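# the following comprises the amino acid sequence and a computationally predicted model.
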Amino acid sequence: MICTETLHPCPGEGQLVLGYVRALPGRSTAVSRDRARLEQWTAGRELALGEVFFDVTSSSPLERYGFRRLQGVVRRLRPVGVVVPSARHVADDHDDLARALGYFRAEGSLLLVLDSP
């Protein structure tokens, strides 16, 4: 399930969400900007933003250190969701995105996407 600004149900006040951002090599300054967007979005909805994981790479999700760490923490903490600036931060490929969605769904977490893909 993807929850956006206009799609519901979205998590409620005080619930834990984790963040994830990805930048392409040579554009690592985008990580700080995107992290700030996640902080602003979650604060505006009174969600508890836990750790924000990140990668600076163009590789597939399972080859990314930060994304693998995110999966491990999702498995342990069972947050209500994982918030990303756009679906492209998770995957460039539809199959990889579907696998990531399936993983989060199986762990009981939503993928919260700020911008439509």
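It's in. Residues are numbered from 1 along each chain as shown.

# show the subsequent helix or strand relative to the lowest-mean-pLDDT helix or strand in the chain.
One helix or strand of the chain scores below all others by mean pLDDT, DSSP states H and E: strand 2-3, with a mean of 50. The helix or strand immediately downstream of strand 2-3 is strand 16-23, counting by DSSP states H and E.

# centre of the chain to the helix or strand following that following strand, how far?
Downstream of strand 16-23, the next assigned helix or strand under DSSP H and E is helix 29-44. Distance, stretch centre to chain centre, for helix 29-44: 11 Å (C-alpha atoms, centre = their mean, to the nearest Å).

# okay, buried residues for stretch 63-79 please.
Arg64, Gly66, Phe67, Leu70, Gln71, Val74, Pro79 (16 or more other C-beta atoms under 10 Å). Every C-beta, even on glycine, is put in place using the N, C-alpha and C of the backbone.

# scratch that, stretch 17-37 is what I was asking about
Val17, Leu18, Gly19, Tyr20, Val21, Arg22, Ala23, Ala30, Val31, Asp34, Arg35, Arg37.

# so which bits of stretch 49-61 are buried?
Leu49, Val52, Phe53, Phe54, Asp55, Val56, Pro61.

# from Gly72, how far out is Phe53?
Separation of Phe53 from Gly72 (C-beta to C-beta, to the nearest Å): 10 Å.
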